[in-house]
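> Any chance you can model this:
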Amino acid sequence: MIKSIATAAILAAMTLGAHAEGLTHKIAFHVNQNDPQVMNMTLNNVANAKAYYDSVGDEVIIEVVAYGPGLNMYVADKSPVADRIATMSLESDTISFSACGNTHAAMSKKAGADVALISEAHLVPSGVVRLVELQEDDYSYIRP
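Numbers count the residues shown, from 1 in each chain. Next up, the predicted model:
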């Protein structure tokens with residue numbers, strides 16, 4: 001009987017271990033400040049999360065959402081982190097960058113012309129709404 005209990009416990013532990021491997025994690029990062037330190041910290045956090053989950057055999061899907069003054073993170077010829085974003089995009093297809101359409105429209109109106117964004121940034125109608133959608137889709141929300 002003790003042998004049966006021990007065998008059952010070992011099988012249960014093996015089953016739980018098998019389910020723990022290969023998980024998919026979803027993370028939404030929020031940037032709303034025109035601060036190179038915040039932008040770099042966000043990208044550091046993205047890189048660290050990706051490296052960690054890769055090291056344990058899990059998948060991670062990451063989306064960085066920028067709006068308000070944080071949209072400068074994606075403005076071509078102005079972004080202090082454009083090169084890092086380009087490199088991250090080339091290295092991983094599970095990291096994406098979303099730009100608030102409302103903020104982009106306001107910036108473009110103020111500039112009197114369409115404000116060019118880096119090619120890695122994809123416009124979404126609203127940054128805030130996008131963050132809500134991601135959280136409703138079980139993304140963990142991180143604000144550096």
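
> in the helix or strand harbouring Y53, what counts as buried?
According to DSSP states H and E, Y53 maps onto helix 36-55. Across helix 36-55, burial judged by 16 or more other C-beta atoms under 10 Å covers 38-39, 42-43, 45-47, 49-50, 53. C-beta coordinates here come from the backbone N, C-alpha and C atoms, glycine included.

> State the number of residues packed around E120.
19 (other C-beta atoms under 10 Å).

> these two touch, right, it and S89?
Yes - under the criterion of C-beta atoms under 8 Å, E120 makes contact with S89 at 4.4 Å.

> Can you pull the residues that touch both of these two?
F97 (C-beta atoms under 8 Å, 6 or more residues apart in numbering).

> can you give me the helices for the protein?
For the chain, the helices defined by DSSP state H cover 2-20, 36-55, 82-91, 101-111, 127-136.

> pLDDT of the third one, averaged?
The one in question is helix 82-91. Across helix 82-91, pLDDT averages out at 97.

> who touches that helix?
With C-beta under 8 Å, 6+ apart as the test, helix 82-91 has contacts from 40, 43, 46-47, 73-74, 76, 79, 95, 97, 118, 120-121.

> now swap in the longest one and tell me
Under the criterion C-beta under 8 Å, 6+ apart, residues 25, 27, 29, 31, 59-60, 62, 64, 70, 73, 79-81, 84-85, 88, 92, 94-95, 142, 144 lie in contact with helix 36-55.

> Check the fourth one too.
Where contact means C-beta under 8 Å, 6+ apart, the residues beyond helix 101-111 that reach it are 66-68, 71, 75, 114-115, 117, 123-127.
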